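Colleague: What follows is a predicted protein model with its sequence.
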Amino acid sequence: MSLFTGMEEFLTDIDDNFPHYFFHQKCCSISFVHLLDRKQRACQSPQSLSLSISKPAADSTLCTRTFGYNTVDVVPAYEHYANSKGVGDPRKGRPSLADLHSILKVTGGLAVPIASLASPEAGPEAGLEEAEGEPGRDSEPEPVRFGWVKGVMVSIRCMLNIWGVILYLRLPWITAQAGIALTWLIILMSVTVTTITGLSISAISTNGKVKSGGTYFLISRSLGPELGGSIGLIFAFANAVAVAMHTVGFAETVRDLLQEHNSLIVDPTNDIRIIGVITVTVLLGISLAGMEWEAKILFFLVILVSFINYLVGTVIPATAEKQAKGFFSYRADIFVQNFVPNWRGPEGSFFGLFSIFFPSATGILAGANISGDLKDPAVAIPKGTLMAIFWTTMSYLVLSATIGACVVRDASGSLNDSVAVGSPGCEGLACSFGWNFTACAQQQSCRYGLSNYYQVLMSMVSGFGPLITAGIFGATLSSALACLVSAPKVFQCLCKDQLYPLIGFFGKGYGRNSEPIRGYMLTYVIAVGFILIAELNAIAPIISNFFLCSYALINFSCFHASITNSPGWRPSFRYYSKWAALFGAAVSVVIMFLLTWWAALIAFGIVIFLLGYVLYKKPDVNWGSSMQASSYNMALNYSVGLSEVDEHIKNYRPQCLVLTGPPNFRPALVDFVGTFTKNLSLMLCGNVLIGPRKQKMPESRLMADGHTKWLMKRKIKAFYTDVVAEDLRSGVQMLIQAAGLGKMRPNILVLGYKRNWRTASPESLEDYVGILHDAFDFKYGVCVMRMKEGLNVSRVLQDTLALAADPTTLASEQQASTIFQSKQGKKTIDIYWLFDDGGLTLLIPYLLGRKKRWGKCKIRVFVGGQINRMDEERKAIVSLLSKFRLGFHEVHILPDINQKPRPEHIKRFDELIAPFRLNDGFKDEAAVNEMRQGCPWKISDEEVDKNRSLRQVRLNEILRDYSRDAALIAITPPIGRKGRCPSSLYMAWLETLSQDLRPPIILTRGNQENVLTFYCQ
């Protein structure tokens, strides 16, 4: 038996053994699994049965993917989920449902799904790309990445940013002002906020793969572009200002050293500016030289050594020179005195000091801000951030306690002020240690002591002063460098998202690390501008509010993502609480206003302005944010809750199922319904795709999104839905029965008038009138719209076929303008309320008149009546309308409604129905039914019903007389009784009633149930 004969027999038997055999349509060799030996599941490719195909052997991974089965199915793999976007998007390497589900067809000796034959690219290997880091992929060189120790906790990351300028230059002064107790409270308050924020950011950063952009990326992907964009801009600016703060701290230290040696360049203030600008320029050069410069551990070691040097200095017995400056080593009396506050100067308040200290806690985001440069952000950010918070908090507490236990608040620095213990006239704690600082303390002229010498106090206390200076240099420069790197990285990510105009220029990256050089230059300019202020205490409160605003939003992001119960919220970090996150957000906002209320208002004003801009522009981004999950939750809860609400006439809303087909084909119909349902009720655009399901389903899936985007672009608040059916009527029946959700279900069917009913096939005519009957059967109201120029503009659209195949082109096509998009001026809306249908004929024009474009139109109501009772009937209708509170005051009675129409119009009607007459000569019903066999649309002589037909002719004459210049005509149409009114006759009535009218006309008929009431309960 030949190879191919054996293969044919194998393929013939494949359906019976489907779980055990399946040929991959792109496999390199055909392998067989022996059915009787179920224990052996290994792929076997005997050379005698091998079929060679020109494809690299390395791609033959069928065995490892399918447990030994020859099947299209594949096992779970990383590349199937990498870079996934939305629900329903194709995954890498995974076969489509059609590949697994469609009918097999033997092609060229292989069993291939028919769906794959129809679409060659749709196979399981279509679009297969190798995952990140997968062998064999020619990619750009990998950028330099940092682990969690180097990347977050040390080397210009969290600890170095927290151990900034405040540690050395302001914490001793804060301790002198607030006392040890309140200083610890300030530290612990700050740490409470930062710890909760650290937990929140750890949860957010472990809920999926984190890319570059740091805090902005985390907030924007969690809360969405609205809040994420605004906080990204603010946070990038805050980091740029923080560069200035730390640089000014460094410049102050250098200025003090120059001052000690009488070597000032110009004067104390300008020296800070000169040194600061030079320093930030050097830091910019270091940053542009590459991230390797920042990865050095030198700064960390310098700070650590300087801190140990300080602690050693506190236990060394004080020399006379140090005692003259207020240092007496550890003394319980000094600790007790410094335990309580001693407010001095304009900043001498609790929250004033808190605002100065709080920026020192903002370094917790230094690691998160360069998340794109970390090897594993999900591990690095939580570990490094929380450890950095713990150790830096301990260092702050230890420093404030030790400095407060060793140094008195005021000292003269003069060796001549030593006195004998207990000398008369000596006041203050130093007297008990043999020093009299009374004179300078009373005159507030002391140059030394905890309250006065804080700039270089730690140098004096330490064992070796220059090491403290080195520590100050390391802390300030490392913090400035970290902020100088963070700000451009955050801003670059914001620029790439294109949420705001005019900033894309700064998002361009250079080199293998995509360094934002333009962003560096912008940060440099901002930093130089704030360095020129040259006052550390003035710069620190400015950024406190911005950082607190960022912390509030980070915590709110964590809370919001948790409270929405989205299945996508699955952070690996479990040690967080949504209520703690909410508390952290609330505390951050409260502290903002307690610090500087006007700065808090400015920060919130900026956030609200940027939020409003993004809401207005509606950027085309989809990040799976918690706002999206929250929208779903709210919609679901309200929809379910609505099911428990009993219906009442007062709450009646016209919820419309509009048979638009593709909505862009009938824009006037969409605009008309969208005008009166906007922000009021449900609007559903229905489309029936006629044809075989297998052919139409792909079109349905492809086009649904395009039609929805078209509606959004037109600012129509509506849903789009379609069904696949064998014919129009059965499809509309599906829509009528299944459209909607719970109480949010349509109650009005809106469709366009069938203009071609005379030339259309009789079956389509029957379907059209049958749809109206079906609507009434399902207790729907009906609204048929007719315009002189017609509704269907599909012929006007260019490249219709291309539009039907490309949803992106459909959404971006030029919008057709309609009468319902323009202001109507002082025209009239004429309502012909001829039959009581429950009030729907009145309600729709009333809702239309409430809209701005139709607001100036005067609404007139016409009703039929008798000539001898016109006044009474008019008063009765006016009274009824006033009870409805519709505001319709102009009522006209039509006494001539039953007059005989003009002969030429009667003749025109007869000519209209002539092609559809049976001309049966008033035969009996059985004979008529026999003649009409197979053509139910034909009209018998008895069915013509001259009186009712002539009424439609007369009404058309009245409409042309009274409403020639109206903006819109609304009229109650007749109802054709099933079995007694053929479809052609009913269409003739509608044709006659609405022909030759310039304004749009809506034929509205309710379901005979009240939609208006004048009762209050």
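Modeller: Thanks, I have it.

Colleague: which residue packs closest to the residue nearest the centre of the chain, ignoring adjacent ones?
Modeller: In the chain, the residue lying closest to the centroid (C-alpha atoms, centre = their mean) is G224, at 3.6 Å. Distance criterion C-beta to C-beta, 6 or more residues apart in numbering; nearest residue to G224, sequence neighbours excluded, is S625 at 3.6 Å. (Glycine included, C-beta is placed from N, CA and C.)

Colleague: One more: S566?
Modeller: Per C-beta to C-beta, 6+ apart, closest to S566 is A629, 3.7 Å.

Colleague: okay, now the one you found: neighbour count?
Modeller: Neighbour count of A629, defined by other C-beta atoms under 10 Å: 19.

Colleague: and C783, what element?
Modeller: strand 781-786 (DSSP states H and E).

Colleague: Once you drop chain neighbours, what's closest to L284?
Modeller: Here the residue nearest L284, using C-beta to C-beta, 6+ apart, is Y524, at 5.1 Å.

Colleague: Ok, D417 next?
Modeller: N436 is the one closest to D417 (C-beta to C-beta, 6+ apart), at 5.2 Å.

Colleague: Do I have it right that the one you found meets V419?
Modeller: Yes - using C-beta atoms under 8 Å, N436 is in contact with V419, at 4.5 Å.

Colleague: quick one: which of the two has more around it?
Modeller: Shown here are N436 and V419; by other C-beta under 10 Å, N436 has more neighbours (21 against 17).

Colleague: all strands for the stretch 901-1017 of the chain, in order.
Modeller: With DSSP state E, counting those that start in this stretch, the ranges of strands along the stretch 901-1017 of the chain come out as 968-971, 1001-1005.

Colleague: mind listing what's buried in whichever strand or helix holds M245?
Modeller: For M245, the host element (DSSP H and E) is helix 225-260. Residues of helix 225-260 classed as buried by neighbour count (16 or more other C-beta atoms under 10 Å): 225-256.

Colleague: repeat for stretch 576-591
Modeller: Buried, per 16+ other C-beta under 10 Å, within stretch 576-591: 576-578, 580-585, 587-589, 591.

Colleague: if we can go back for a sec, the strands of the stretch 901-1017 of the chain: which one's closest to R853?
Modeller: strand 968-971 (11.4 Å; C-beta to C-beta).

Colleague: in its sheet, what does the closest one sit against?
Modeller: Strand 968-971 has the following strand partners under DSSP bridges: strand 828-832 (parallel), strand 1001-1005 (parallel).

Colleague: How far off centre is the last one?
Modeller: With C-alpha atoms, centre = their mean, to the nearest Å as the basis, the distance from the averaged C-alpha position of strand 1001-1005 to the chain average is 40 Å.

Colleague: got it, and stretch 942-955?
Modeller: For stretch 942-955, the distance to the chain centre is 58 Å (C-alpha atoms, centre = their mean).

Colleague: Any buried residues in it, and which?
Modeller: Of the residues in stretch 942-955, those buried (16+ other C-beta under 10 Å) are 943-944, 949-955.

Colleague: what does stretch 431-439 give?
Modeller: 431, 433-438.

Colleague: ok, now stretch 173-193?
Modeller: 173-180, 182-184, 186-187, 189-191, 193.

Colleague: Out of these, which sit inside strands?
Modeller: For those, membership in strands holds for none, with DSSP state E as the criterion.

Colleague: okay if I get the buried residues of stretch 942-955 as CSV plus distance to P746 and pLDDT?
Modeller: As requested, those are exported to CSV (distance: C-beta to C-beta, whole Å; pLDDT from 0 to 100):
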residue, distance to P746, pLDDT
E943, 32, 76
V944, 35, 78
S949, 32, 87
L950, 35, 89
R951, 30, 89
Q952, 28, 91
V953, 33, 92
R954, 34, 92
L955, 28, 93
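
Colleague: thinking again about what came up before, any idea which helix or strand carries the residue nearest to S566?
Modeller: Assigned by DSSP H and E, A629 belongs to helix 626-642.

Colleague: Can you pull out the residues in contact with that helix?
Modeller: Under the criterion C-beta atoms under 8 Å, 6 or more residues apart in numbering, residues 222-224, 226, 557, 560-561, 563-566, 568-569, 741-744 lie in contact with helix 626-642.

Colleague: just to revisit the earlier point, ok, so of the buried residues of stretch 431-439, who is nearest P915?
Modeller: Distances from P915 to those, taken as C-beta to C-beta, are shortest for F437 (118.8 Å).

Colleague: phi, psi of that closest one?
Modeller: phi -110, psi 20 (degrees, to the nearest 10).

Colleague: What's the separation between it and V193?
Modeller: Shown here: F437 relative to V193, a distance of 38 Å by C-beta to C-beta, to the nearest Å.

Colleague: and what of R1005?
Modeller: Going from R1005 to V193 by C-beta to C-beta gives 64 Å.

Colleague: what does N555 give?
Modeller: 9 Å.

Colleague: Can you pull the residues that touch both of these two?
Modeller: Joint contacts of N555 and V193 (C-beta under 8 Å, 6+ apart) are 584, 588.

Colleague: quick one: contacts for G519?
Modeller: So G519 contacts 487-489, 491-492, 495, 506-507 (C-beta under 8 Å, 6+ apart).

Colleague: N637: how many residues sit nearby?
Modeller: Neighbours around N637, by other C-beta under 10 Å: 10.

Colleague: From here on, call the first residue 41.
Modeller: Right, with 41 as the first residue, what we last looked at is N677.

Colleague: Was I right to think M827 contacts P1040?
Modeller: Yes - proximity of M827 to P1040 meets the contact threshold set by C-beta under 8 Å, at 4.8 Å.
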